[in-house]
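Undergrad: Got a sequence here, can you model it:
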Amino acid sequence: MKNRNTVAVLLAAYNGKAFIDEQLDSVLNQRGVYMHLFISVDLSTDGTYERCKTFEKEHENVTVLRYGERYGSAAKNFFRLIKDVDFSAYDYIAFADQDDIWLSDKLSHGIKQMKNNNVGAYSANVIAFWDEGREQLIDKSQPQRELDYLFEAAGPGCTYMFTNKMAHLIKGYLNQFSELDDFVLHDWLCYAILRHKKYSWFIDSVPKMRYRQHGTNQVGANASLKGKMHRMHYILSGETFDSVKLLIDVLDISSVDISSRKGLLKLAFKAKQLRRRRLDQVFAFIALLLYTIKGPDI
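TA: I've put the predicted structure just below:
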């Protein structure tokens, strides 16, 4: 253990018994690191908790958190993990979903990239796969933009890794601002906090995990044009746009104003800085123009 990097892996689960065995095996088979897996199971009906408790009994480096609450979303489940797990003794903290498959060097490769690029936070591309055998690279490694964290995450949260310092910074925000418990996406919030605080984040073009796609994915790959348009609508509408307002408030982003038509219009013309992909920049521009027309009371 002294010669290896230590990693606390935080896994959020909910009604995932159909796939969780394969994921737990791939996490526990990580090479080149000392890893401890912490699992939070949202109140489930399919035996997921019991299956995780079996793994806990079989492996000394697995801890299942107290069970019985209904969180209602992956984000709230991850926020629970970040706040409740004592990861102070670990060098790195990583997120995991319940239904993916990690390559055996996912963690060690990520740590190497973090060290080589001198960053405190890391995410990566993934290989999406479907039950019928189809696979597709999901590329999130486009150059980062000045304000991209206002409207998107750094890619799938299941690829995220942080140094201990960065993870504690995120924990501090969650403990200080209780309103963040209702933030729509945990991966988006983590990215926003660290990017706004000017910490470097590396998005790796090399995929080290298989990203399972199925009907119960909360967000999913959205690889098609229809999927991209749906996701853009999701990110820039309703409850999610309220999350943008919350980011601006909690992070005290004085350079951005979405409380007036003038502010929205000004932001629309910064669309190239709001998203990494060119097509998504166009979607952002159009969406913000529509919000400008409707007015700030969205």
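Undergrad: Just give the closest residue to residue 125, not the sequence neighbours.
TA: Distance criterion Cβ to Cβ, 6 or more residues apart in numbering; nearest residue to residue 125, sequence neighbours excluded, is residue 207 at 4.5 Å. (Glycine included, C-beta is placed from N, CA and C.)
Undergrad: for the one you found, helix, strand, or coil?
TA: Assigned state for residue 207: coil (three-state reduction, DSSP: H, G, I helix; E, B strand; the rest coil).
Undergrad: now the one 4 residues further on
TA: Secondary structure, three-state DSSP: residue 211 is strand.
Undergrad: quick one: contacts for it?
TA: Residues in contact with residue 211 (Cβ atoms under 8 Å, 6 or more residues apart in numbering) are 100, 126, 127, 128, 129, 138, 156, 158, 221.
Undergrad: Distance to residue 195, pLDDT and neighbour count added to the residues you listed, as JSON lines?
TA: Conversion of these to JSON lines gives the following (distance: Cβ to Cβ, whole Å; pLDDT from 0 to 100; neighbours: other Cβ atoms under 10 Å):
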{"residue": "100", "distance to residue 195": "24", "pLDDT": "96", "neighbour count": "23"}
{"residue": "126", "distance to residue 195": "20", "pLDDT": "97", "neighbour count": "23"}
{"residue": "127", "distance to residue 195": "25", "pLDDT": "97", "neighbour count": "17"}
{"residue": "128", "distance to residue 195": "25", "pLDDT": "96", "neighbour count": "22"}
{"residue": "129", "distance to residue 195": "29", "pLDDT": "95", "neighbour count": "18"}
{"residue": "138", "distance to residue 195": "20", "pLDDT": "95", "neighbour count": "20"}
{"residue": "156", "distance to residue 195": "17", "pLDDT": "96", "neighbour count": "23"}
{"residue": "158", "distance to residue 195": "19", "pLDDT": "97", "neighbour count": "25"}
{"residue": "221", "distance to residue 195": "23", "pLDDT": "53", "neighbour count": "20"}
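Undergrad: Make JSON lines from those and add distance to residue 145 and secondary structure to it.
TA: Formatted as JSON lines, the contacts of residue 211 follow (distance: Cβ to Cβ, whole Å; DSSP: H, G, I helix; E, B strand; the rest coil):
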{"residue": "100", "distance to residue 145": "27", "secondary structure": "coil"}
{"residue": "126", "distance to residue 145": "21", "secondary structure": "strand"}
{"residue": "127", "distance to residue 145": "25", "secondary structure": "strand"}
{"residue": "128", "distance to residue 145": "24", "secondary structure": "strand"}
{"residue": "129", "distance to residue 145": "29", "secondary structure": "strand"}
{"residue": "138", "distance to residue 145": "19", "secondary structure": "strand"}
{"residue": "156", "distance to residue 145": "19", "secondary structure": "coil"}
{"residue": "158", "distance to residue 145": "23", "secondary structure": "helix"}
{"residue": "221", "distance to residue 145": "21", "secondary structure": "coil"}
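Undergrad: out of these, which one sits closest to residue 91?
TA: Nearest to residue 91 among the contacts of residue 211 is residue 158, at 19.5 Å by Cβ to Cβ.
Undergrad: before we move on, the earlier item: out of the contacts of residue 211, which is nearest to residue 191?
TA: When the contacts of residue 211 are compared against residue 191 (criterion: Cβ to Cβ), the nearest one is residue 156, at 11.4 Å.
Undergrad: Residue 140 is in contact with the closest one, correct?
TA: Yes: contact criterion Cβ atoms under 8 Å: residue 156 and residue 140 qualify, at 7.5 Å.
Undergrad: Common neighbours of these two, please.
TA: Common contacts of residue 156 and residue 140 (Cβ under 8 Å, 6+ apart): residue 123.
Undergrad: Which stretches in the chain count as helices?
TA: Under the criterion DSSP state H, the chain contains helices at 17-28, 48-58, 74-84, 106-117, 164-176, 186-196, 225-235, 238-250, 261-268, 278-294.
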